[in-house]
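Undergrad: The following comprises the amino acid sequence and a computationally predicted model.
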Amino acid sequence: RGKRAFIAGVADDHGYGWAIAKSLAAAGAEIIVGTWVPALNIFESSLRRGKFDESRILPDGSLMEITKVYPMDAVYDSPEDVPEDVKSNKRYSGSSKWTVKELAEAVKQDFGSIDILVHSLANGPEVTKPLLETSRNGYLAAISASSYSFVSLLKEFVPIMNPGGASISLTYIASERIIPGYGGGMSSAKAALESDTRVLAFEAGRKHKIRVNTISAGPLRSRAAKAIGFIDMMIDYSLANAPLQKELSAEEVGNAAAFLASPLASAITGAVLYVDNGLNAMGVGV
Ligand code: NAD
């Protein structure tokens, strides 16, 4: 049987989630995705209308199939956690079962089990503010959407993951080196995500034989990255200074994720794998 992958954080064809879905599909996996509730309608209608057809083309010429798209909001674990104003928001009330617990239950009901869990989402409402100017709420919101969201997803999906399964998240080097401009507590959120990768690798490995790794990806002009406002500068900086002087493609990150999710990586867990043209290894810009 082919493997089944659930990819959380796909809402268009520009980001890492989409690229990871494609690499996994090219390797023979069945693809199901989770899309942030406010982005669901436009993503599903674009998919239906064929807007992504060109980006769906796999190396063998066939089109990537997405078996099912689930609405999700990774900052809520169960219906009791959802505030009234969100519940009554038109975009949210138009969908159902989008808290993390309900999502895992729905996937279980529809598919029984999965083999691969990908977390490709982040959100920091104050990302454009320096850490020194970040509010407590902004900081906690960044951690909730970008770090605890992974703990919560893994917690709810582990029971339906087959032993030998793998989970992968996406991180950024701002967790360990100073990257001015990556503010609002997002650098802190990525540090938490990387630390949690190690602890969760231990817990999920011992208990369920599941591997947990994270990819520290170089800069990509995704929707989320454009919102931060400094992505072109980061891409230029990498081009000028990295050992490999080429623009990083989302596909290169997708392929590394497919490797990490595969039996080829059966002894790799708790790792932060850099997929950044080697930029992390530089000490000074040249
Ligand atoms: P993206 O916009 O394609 O993906 C981010 C996704 O998160 C979006 O689909 C958005 O709808 C979703 N999202 C936001 N809040 C959510 C919530 N509460 N619940 C569910 N989904 C939610 O952008 P991307 O850059 O591909 O981001 C994917 C991952 O890659 C993120 O973890 C990001 O930090 C990481 N990353 C990106 C870069 C880069 O330069 N783009 C570099 C390193 C790491």
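TA: It's in. Numbers count the residues shown, from 1 in each chain.

Undergrad: tell me the average confidence for stretch 74-85?
TA: Mean pLDDT, computed over stretch 74-85, is 97.

Undergrad: Show me what counts as buried in that stretch.
TA: Buried residues in stretch 74-85, counted by 16 or more other CB atoms under 10 Å: 74-77, 82. For glycine as for every other residue, the C-beta is placed from the backbone atoms N, C-alpha and C.

Undergrad: Just the ones of these in helices?
TA: Per DSSP state H, helices hold no members of these.

Undergrad: Mind picking the one among these that's closest to the ligand?
TA: The ligand lies nearest to Ala74 out of the buried residues of stretch 74-85, by CB to the nearest ligand atom, at 3.6 Å.

Undergrad: Next, the contact list for that closest one, please.
TA: Neighbouring residues of Ala74 by CB atoms under 8 Å, 6 or more residues apart in numbering: 8, 34, 36, 100, 121, 145, 149, 152-153.

Undergrad: would CSV of those residues with neighbour count, pLDDT and secondary structure be doable?
TA: Shown next, in CSV, are those (neighbours: other CB atoms under 10 Å; pLDDT from 0 to 100; DSSP: H, G, I helix; E, B strand; the rest coil):
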residue, neighbour count, pLDDT, secondary structure
Ala8, 25, 99, strand
Gly34, 30, 98, strand
Trp36, 21, 98, strand
Val100, 26, 98, helix
Leu121, 27, 98, coil
Ala145, 20, 98, helix
Ser149, 27, 98, helix
Ser152, 22, 98, helix
Leu153, 26, 98, helix
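
Undergrad: Adding distance to Arg136, write the residues you listed out as a markdown table.
TA: Output for the contacts of Ala74, formatted as a markdown table (distance: CB to CB, whole Å):
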| residue | distance to Arg136 |
| --- | --- |
| Ala8 | 26 |
| Gly34 | 28 |
| Trp36 | 24 |
| Val100 | 23 |
| Leu121 | 22 |
| Ala145 | 15 |
| Ser149 | 19 |
| Ser152 | 21 |
| Leu153 | 24 |
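
Undergrad: Now do the strands in the protein.
TA: Ranges of strands in the chain, per DSSP state E, are 4-8, 30-36, 66-72, 114-119, 161-171, 211-217, 272-275.

Undergrad: And those: which comes nearest Asn137?
TA: With CB to CB as the criterion, Asn137 lies closest to strand 30-36 of these, at 19.6 Å.
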